Every structure is written in C-alpha cells, then in structure tokens.
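A.B. asks: have a look; sequence and predicted model below, questions after that.
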Amino acid sequence: MAYQIIDHPLIQHKLSILRDKDTSVRDFRDLSAEISMLMAFEAMRDLELEEAQVETPVATATVRRLAGKKLALVAILRAGLIMVEGILDLIPSARVGHVGLYRDPETLEPVSYYAKLPGDIAERDTFLLDPMLATGGSAVAAIDRLKDEGAHHIRLLCILAAPEGVAVVEKAHPDVQIVLAALDERLNDHGYIVPGLGDAGDRIYGTR
Ligand code: PRP
Ligand code: URA
C-alpha cells in the first residue's frame, strides 16, 4: 500500500519550527501535538458517516455523523505519546494502547519492553503513532504485535520518515497505510533521519 504525505501549509510551517535545533522543549512538545492533530484530521477524511435527524431550535435537520466505527490510538513509547495527546483532542473517546520499544544504540534493532492494547483491538480502526520512522524496525515490530492481537485495519502515522524505513514497512506489512508529514533524504550511519529533527523522544521530554 502506498504512503501519503500530508502537504498542508500549516503542517509544513509547524514542521519547519520543529526541525530547528534551537526550538525549546516546550515548543517542540506543543508543535508535535498540533502537527499530530492536523495529520489525524486529514487521515480521518474517509471515516464513514451516517444520516440522522436532530431537532434544532427551529426545525428538524438531517445531519451526518460518524457511523460509530470504533477507533484505537496506539503509541510507540516514548515519542508516540505526544501524538496521542494531540489526537485525543479530536477524538476524545478513542481507546489508547501502548507498545514500549527502544532501539538498541549499537544494532539499531528494536527492543520490546511493554505492550498494553485495547482488548477489542480487532474490531477497531487502529492508528499507530510514532513521530519517527527511521530504519522501520520499531514500526514493523509494533505492527507485528498489533496483528498478533488481531488488529487488521492499521494506519501508521509518523511526522518524519526516511525512505529506508518506508520501504521496510511496505515490504513487511503492505496492507498498512503510512501517513507522513514529510519524507526526508536518507539515514545517516547512526540510523538518524537526515536532515530530520534529531532524537524525538529526547527533544519532547528534554532528556538530553
Ligand atoms: C525512536 C522513535 C522510533 C524509533 C524509530 O525511538 O521514536 O520509535 O526511534 O527508529 P527505527 O525506525 O529505526 O526503529 P527510540 O528508540 O529513540 O526510543 P525512545 O522514544 O524511548 O527514546
Ligand atoms: N529516532 C529518532 O528519534 N530520530 C531519528 O532521526 C531516528 C530515530
């Protein structure tokens, strides 16, 4: 399945500030949440609607509202948490799951340390959230885990990706749609996205 880049001017403007090495932790956090909300707004364009009747103070209106398809947001820890925060402002009733993974700094392989997912994830449209898709190892491991639990309609939302990571996810999970704010040039020798924005977790939580 193809990837999609959400090329909205507001997202691109906010991303330009996010990339800047001098952006403060506080601004980085706020911008990450805002970009995530805007990305989700676009990514949810195809949610099903159903007709209903509502009594306005004047008359009966035929309205369209969400058809009640259940959603799940799943954060890849740590950095995906900030995306959940932004998207919950749009869909407060979504269920939230967490998958704990970190990259071994030497091998760049994902190491799993936690998972807690909604019990009915198989019935939900699932948005897997991580700001960074670098080698693709973490995303593939998280999707493997989601599928083990029965999830089958999965979208992966990442703010930035390297072409290498997109290719790895597409190969391992061709059914998963990837939604991005930008696709960067490449990975460097340390597995960082170039030009990228650095270490997303450290910049969100001020841990470096
Ligand atoms: C970052 C990022 C992704 C992963 C991407 O997390 O948030 O989860 O790296 O890299 P990959 O595509 O090569 O797997 P990190 O491992 O730094 O963990 P952290 O969020 O806990 O700091
Ligand atoms: N993880 C990050 O946070 N940044 C990168 O550039 C690559 C992996």
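C.D. replies: Received it, and whenever you're ready, just let me know what you need. Ligands and ions are numbered 1, 2, ... in the order given.
A.B. asks: any idea of the mean pLDDT for stretch 30-47?
C.D. replies: Averaged across stretch 30-47, the pLDDT comes to 96.
A.B. asks: sorry, slip of the keys, the one I care about is stretch 77-90.
C.D. replies: On average, stretch 77-90 scores 97.
A.B. asks: and stretch 133-146, by the same measure?
C.D. replies: Mean predicted confidence for stretch 133-146 is 98.
A.B. asks: residues of the chain that sit close to ligand 2?
C.D. replies: 132, 134, 191-193, 196, 199-201 (Cβ under 6 Å from any ligand atom). Placement of C-beta: from N, CA and C, glycine included.
A.B. asks: residue 165 contacts residue 130, doesn't it?
C.D. replies: No. Residue 165 lies out of contact with residue 130 (Cβ atoms under 8 Å); the separation is 10.1 Å.
A.B. asks: any residues in contact with both of the two?
C.D. replies: Listed as contacting both residue 165 and residue 130 by Cβ atoms under 8 Å, 6 or more residues apart in numbering are residue 139.
A.B. asks: which SS class is the residue lying farthest from the centre of the chain?
C.D. replies: The C-alpha centroid of the chain is most remote from residue 58, which lies 41.2 Å away (Cα atoms, centre = their mean). Here residue 58 is recorded as coil under DSSP: H, G, I helix; E, B strand; the rest coil.
A.B. asks: which residues touch it?
C.D. replies: Counting by Cβ under 8 Å, 6+ apart, residue 58 makes contact with nothing.
A.B. asks: quick check, pLDDT for it.
C.D. replies: pLDDT for residue 58: 98.
A.B. asks: what about it, distance to residue 52?
C.D. replies: 17 Å (Cβ to Cβ, to the nearest Å).
A.B. asks: roughly how far does the closest residue to residue 187 other than its chain neighbours sit from ligand 1?
C.D. replies: Of all residues not flanking residue 187 in the chain, residue 162 sits nearest, at 4.8 Å (Cβ to Cβ, 6 or more residues apart in numbering). Distance check for residue 162 against ligand 1: by Cβ to the nearest ligand atom, to the nearest Å, it reads 8 Å.
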